[in-house]
Structures are given as C-alpha cells and as structure tokens.
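> Requesting a structural model of the entry that follows:
(2 chains)
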Amino acid sequence: MAGLELISDQGLRNDGRRADELRGINCRLGVLKQADGSAYLEQGQTCVLAAVYGPHEVNRTRSIEDRAVINCQYTTAAFSQTERRATDSRSQQLSLQLQRTLEACVLTGLYPRSQIDVFVQTLQSDGATYAASVNAAALALVDAAVPLRDSVAACSVTYADGEPLLDSSYLEESGRAPSLTVAILPCTERVVLVDSGSRFHMDHLDGLVDSAVRGCRAVHQVLDTKVRQHVAATSQLINRW
Amino acid sequence: MAAEYMSVHPFDYYNKFIQQDIRPDGRSLSEFRHTILTTGTINTADSSATVKLGQTFLCCGIKLELGKPTEDNPNEGFIVPNIEMTPLCETSFKPGPPSAYQQAANQYLLELLTNSEVIDLTQLCVTQGELCWCIYADIVCLNWDGNIRDASWIALITALSRLKLPRIVFDEETQKHLLDKETTQKHLDVNPIPVSTTFAIFNDSIVIVDPNLQEEKITRSTLSIAITKDGEVCSVYKSGGSGLKTCQLGVCMRRALERAVDIIELIDKTA
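Numbers count the residues shown, from 1 in each chain, chains lettered A, B, ... in the order given. The predicted structure follows:
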C-alpha cells in the first residue's frame, strides 16, 4: 500500500485544511480554582489543561540564590490517545523540556529562592500535543500574573510532498514524514525550542523552521487576542463593582 | 479579616458557622454542592464522563483492551479503575507513585464496583478461558475541592453505563478473533446503580454532607455510604476517627437514599 497521501493535488489535507492553515483554537483562562493561574486550550482535537502555582517558598536544597526554580510536570491522561498509555519516560523528558522552554520567558530573577510550579495535563491528543502544552502553559502563566519577559508560542510542522504542513494532526505526525516542533518568543522572534526526531536533508531545515516560526506567530496572534478579550471581560466585572 | 481568621483558627472559624446551622460556603449541613455531569467529552476514549461536584472537577475516560482471563475466573473480564491525582489538582500531591490517599480512594472504587455487582463481569468474556475484555477506567482529577469518592464514582459509573462493547467473532478459517464492525455495538448491562454519599464528622458530633477540601482538613473522619435508589445498601465505610451515634447513622442512610434518587435521575437525564 502506498503511503497515505497527506496533501492532495488540490492542496488540501486530510481534514480539509490548506498547508499553512492552523486548526481552530479555543481557550479559556482561569478554569481551575485551586491554582493561581490556569488555562484550558483546544487546538483542533488536542485538548490540554495547564495550571500554575506560585511563586512560593521552596526548601533550601532546591532553591537557587538569585532566581526562581520552575518546576514542570507534563502528564498525559491514559485515555488521551488511541492506544491506552500510562505515563512513561517520554513524559519526564517533556517535563524537563517544558521547564527549559519556560525558563526563557519567565522573569525568574524577580523571585530568588522561590519556586513556580507549572503542571500540564493532556486530556485528548490529536497531534501537536507538546506545542499545545507550551501554549497552554504560557496562557496559565499569564493568568497567574507571573512576570514574563515575553510570551511563548509553539507550533509543529510536518514536511510532506515538498510542502510544510502547519499544526500537524496525529495522522500527519504518526506517518513517515518528518516532523518538527518549534517554540518562539513572539516579540523578539527568538527560537527557544526546536524538537525533531525525524530524518530529513539539511536543505529543508530553513524552510521548515521558517514555516514553523510563521505558525508560531499566527498562534500567538490568536492567543494574544483571546487573552486581551479575557482581561477586558474580567476588568469590566471589576469596574461594575 | 475573615480570611486571616480562617487561616489562623480554622476550627473556631468553622465552628461559628456551624452553631448557626450553616457552612461558610452558604450550604446547610445536609446540602450537596451543585453537581454537573456530561458524557462523551473525550473523543479518544471509548466512553467518557466529566463530573463537577462544586469545584471538584474530574474526568473519567474508558479504554477497552483485550486480555486473557485468570484461571480462577475463566469466564469473567476485568474492570480496572485508576484515579490520578497530580499536583495539577492540588499542590499537596507530589509527582511520582500514588500517595496513600489516592490508593485508598482507588480501593474504595474497586471495592464498590466488586461488592455491588453493578456490572456482571461475565458479559466481558469473549471466549471462556482465552479472551476477555479489560476495561481500563482512568479518572483524572483536574481540580480537587474535597469528596473525591462521590465525584469519581459518579464519573466512573456513568462512563461505564454509556460504554458499548464491540462484538468479537472467531473466524474458523484463519483461527483468529476478529472485530465485527457490522453488528451494532451493545451497551453494557448495568444492574441498579448504587450512589455514593460521603459525610464528614465535625467536632466529633456534627455530621455534614459532601465535605469540601477545607472541611475535609478540619474534620477527623468521614463516612461513605453507597445505596441504590430502592434502598439496597452496597457499602458503608467509616474508618476510625470520631465516633458516631447509631441514630445519626440512620439519618445519614436516609440522606444517602435521597441523594441516590437525585443522582440516578441526573445520570438518566444526561445524554
């Protein structure tokens, strides 16, 4: 059987999108009451929940003298993918990766000897799960009013038939086509994360990263609008009092 | 001012409300928090249910797998509930293996499922001694504000009652089991559903229904009763702590029965 065609001759993908189209993004801030900040994010069928606690005190062995420690926990629900999976070492690796990504954007220098916890839970996984987690974590940090140097936006891209496909779905990612996840700091346009486990020729790298960065910018625009709407709505409530 | 008083003297703060027969969140002593139930929330799961009991918010997702029955019960399948409480839902949980609290909550679900015989495990058998269905019910707690038992039980039993089992046929030619996609899948047969109600005992004498997190922390013991709407008691669980008068137990039973009627109505009403 020939490989599944990821993009048709008319330039349409399996879910009807064009190569440079993102999936629909829905988000809500402040969904969890226990956490200082939280966000629920949907990118297509991928659903992720993020919670932020802190900054708070941490014991001396773990604290750093001049800045805050960011403690990340990335967990995938066992029912989130087609095959049931309990937590494995990949989640641990992704937790560490998330921590490093967020360290680039949080002003940790303002909170020496303290800890900021970021917990991300994947409820439904349909591709670009890690990118969605980064985006959800960024929203939760905003909701928790943690001072940020810059926001962070992530996007994944799959290279199929000479075309970079933005915001890949599970079907596109799980095939043989190479995939790449990129996270950027939108205002300064600095790349903070590049994650790819696939094999492709280096000539394609620039094109892929450029597409991913464009994708990240687009994601950031959408999320930025939603955050502003949320703040406007919340402050309206405060003004009414 | 009230917040400071509450953090320094939580017990006295709470006592002042109780003496007026009301709780800080405005509920009476026998009032439940608002319960919201939705099904089919997770597309990747074979069946799912999301429950919000006040601010306790959790999601149950069911995945079906095939396995081999045990030698002791060759014509029965398995239902494996698993509650996950990560630091996401409340900071006191640490990452890593489940704490004693989580394991106890898990065990409560497992025992209630087994003892109430709400689902006959023989309907999970495909071929006696060889193949059976394993139902993995993972419950992820997203926000914990007390009373994990009641909320997780509602989510679990609703998800199970909405589960459809695919039909497996044995192909004589290839000597293999195949998934029969043509036949309509059938729902699991569920016996009368018991509903779990948890009470907490405040100050060794006053019983409050559906404790939230703050109430769980200042009370010394809880009582959980699982009863069907027809009055069949499936489980009574009170583990040590404060003592309870026998007449109070009777009052709790009656309250649990009322709750059972309400929750069964909610489950039936939910699409």
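> can we go C-alpha only for contacts and neighbour counts from here?
Will do.
> what's the following helix or strand after the lowest-mean-pLDDT helix or strand in chain B?
Ranked by mean pLDDT, DSSP states H and E, the weakest helix or strand in chain B is strand B:176-180, scoring a mean of 76. Sequence-wise, the next helix or strand downstream of strand B:176-180 (DSSP states H and E) is strand B:186-187.
> Which strands and helices lie in contact with the helix or strand just after that following strand?
Next along the chain after strand B:186-187, taking DSSP H and E as the criterion, comes strand B:195-202. When contacts are defined as 3 or more CA pairs under 8 Å, 6 or more residues apart in numbering or on different chains; DSSP states H and E, strand B:195-202 packs onto helix B:148-161, strand B:206-209, helix B:213-218, strand B:221-227, helix B:246-269.
> Format the ones you listed as CSV; extra columns: distance to residue B:77, mean neighbour count and mean pLDDT.
Output for the helices and strands packed on strand B:195-202, formatted as CSV (distance: least, CA to CA, whole Å; neighbours: other CA atoms under 10 Å in any protein chain shown; pLDDT from 0 to 100):
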stretch, distance to residue B:77, mean neighbour count, mean pLDDT
helix B:148-161, 14, 25, 95
strand B:206-209, 35, 21, 92
helix B:213-218, 36, 16, 90
strand B:221-227, 24, 23, 91
helix B:246-269, 25, 16, 92
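> Can I get the least confident helix or strand of chain B in PDB? Just the C-alpha atoms.
Output in PDB follows, covering the C-alpha atoms of strand B:176-180 (Å, rounded to 0.1, in the frame of the first residue of the first chain):
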ATOM      1  CA  LYS B 176      -8.300 -15.800  14.700                       C
ATOM      2  CA  HIS B 177     -10.600 -13.500  16.600                       C
ATOM      3  CA  LEU B 178     -11.900 -10.600  14.500                       C
ATOM      4  CA  LEU B 179     -13.600  -7.400  15.400                       C
ATOM      5  CA  ASP B 180     -17.100  -7.400  13.900                       C
END
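> Strand partners (parallel or antiparallel) of it?
Partners of strand B:176-180 in the sheet, by DSSP bridges, are strand B:167-171 (antiparallel).
> Can you give me the buried ones in the partner strand?
Across strand B:167-171, burial judged by 16 or more other CA atoms under 10 Å in any protein chain shown covers residue B:168.
> what does stretch A:180-194 give?
Buried, per 16+ other CA under 10 Å, within stretch A:180-194: A:180-186, A:191-193.
> Kindly report the same for stretch A:142-153.
Within stretch A:142-153, the residues that count as buried by 16+ other CA under 10 Å are A:142-144, A:146, A:148, A:150-153.
> And for the residue in the stretch 101-250 of chain B that chain A sits nearest to, the neighbour number?
For the stretch 101-250 of chain B, the residue closest to chain A is residue B:143, as judged by CA to the nearest CA, at 6.1 Å. Close neighbours of residue B:143, defined as other CA atoms under 10 Å in any protein chain shown, add up to 24.
> what do you get for residue A:225?
11.
> returning to that earlier point: dump the buried residues of stretch A:180-194 to TSV, plus secondary structure and pLDDT.
Shown next, in TSV, are the buried residues of stretch A:180-194 (DSSP: H, G, I helix; E, B strand; the rest coil; pLDDT from 0 to 100):
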residue	secondary structure	pLDDT
A:180	strand	89
A:181	strand	91
A:182	strand	92
A:183	strand	93
A:184	strand	93
A:185	strand	93
A:186	coil	92
A:191	strand	90
A:192	strand	90
A:193	strand	89
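> So which of the buried residues of stretch A:142-153 is the closest to residue B:247?
Using CA to CA, residue A:144 comes nearest to residue B:247 of the buried residues of stretch A:142-153, at 47.7 Å.
> Mind checking what secondary structure the spatially most central residue of chain A has?
Residue closest to the mean C-alpha point of chain A, counted by CA atoms, centre = their mean, is residue A:134 at 2.4 Å. Following DSSP: H, G, I helix; E, B strand; the rest coil, residue A:134 is assigned to helix.
> same check, this time on the one 5 residues further on
For residue A:139, the secondary-structure state derived from three-state DSSP is helix.
> can you pull the contacts of it?
A:29, A:38-39, A:223, A:227 (CA atoms under 8 Å, 6 or more residues apart in numbering or on different chains).
> and of these, the nearest to chain B?
Distance to chain B, by CA to the nearest CA, is smallest for residue A:38 among these, at 9.5 Å.
> Show me what the longest helix along chain A is packed against.
Ranked by number of residues, the top helix in chain A under DSSP state H is helix A:205-240. The elements that helix A:205-240 packs onto, with contact taken as 3+ CA pairs under 8 Å, 6+ apart, are strand A:25-29, strand A:153-160, strand A:163-166, strand A:179-185.
> so how far is that helix from its chain's centroid?
12 Å (CA atoms, centre = their mean, to the nearest Å).
> Give me the angle between that helix and strand A:25-29.
Here helix A:205-240 runs at 40 degrees with respect to strand A:25-29, directions being taken by axes from the mean of the first three to the mean of the last three CA atoms, to 10 degrees.
> State the distance from residue B:157 to residue A:94.
33 Å (CA to CA, to the nearest Å).
> show me the residues around the residue nearest to the centre of chain A that make contact.
A:98, A:152-154, A:183.
> Any chance of JSON lines for these, columns distance to chain B?
Formatted as JSON lines, those follow (distance: CA to the nearest CA, whole Å):
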{"residue": "A:98", "distance to chain B": "15"}
{"residue": "A:152", "distance to chain B": "21"}
{"residue": "A:153", "distance to chain B": "21"}
{"residue": "A:154", "distance to chain B": "22"}
{"residue": "A:183", "distance to chain B": "23"}
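> from these, which is closest to residue B:225?
residue A:98 (42.7 Å).
> residues contacting that closest one?
A:72, A:74, A:134.
> could these go into JSON lines alongside pLDDT?
Shown next, in JSON lines, are the contacts of residue A:98 (pLDDT from 0 to 100):
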{"residue": "A:72", "pLDDT": "92"}
{"residue": "A:74", "pLDDT": "91"}
{"residue": "A:134", "pLDDT": "95"}
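> circling back: the closest residue to the residue of the stretch 101-250 of chain B closest to chain A other than its chain neighbours: neighbour count?
Nearest in space to residue B:143, with sequence neighbours left out and distances taken as CA to CA, 6 or more residues apart in numbering or on different chains, is residue B:89 at 4.1 Å. Residues contacting residue B:89 under the criterion other CA under 10 Å number 24.
> Three-state assignment for residue B:89, please.
coil.
> Does it touch residue B:141 like I think?
Yes. Using CA atoms under 8 Å, residue B:89 is in contact with residue B:141, at 6.2 Å.
> which residue is nearest the middle of chain B?
So for chain B, CA atoms, centre = their mean, it's residue B:153, sitting 1.4 Å from the centre.
> residue contacts, that residue?
Per CA under 8 Å, 6+ apart, neighbours of residue B:153: B:109, B:195-196.
> In contact with the residue lying closest to residue B:222 once chain neighbours are set aside, which residues?
Excluding the flanking residues, the one nearest residue B:222 by CA to CA, 6+ apart is residue B:200, at 4.2 Å. When contacts are counted by CA under 8 Å, 6+ apart, residue B:200 touches B:207-211, B:215-216, B:219-223.
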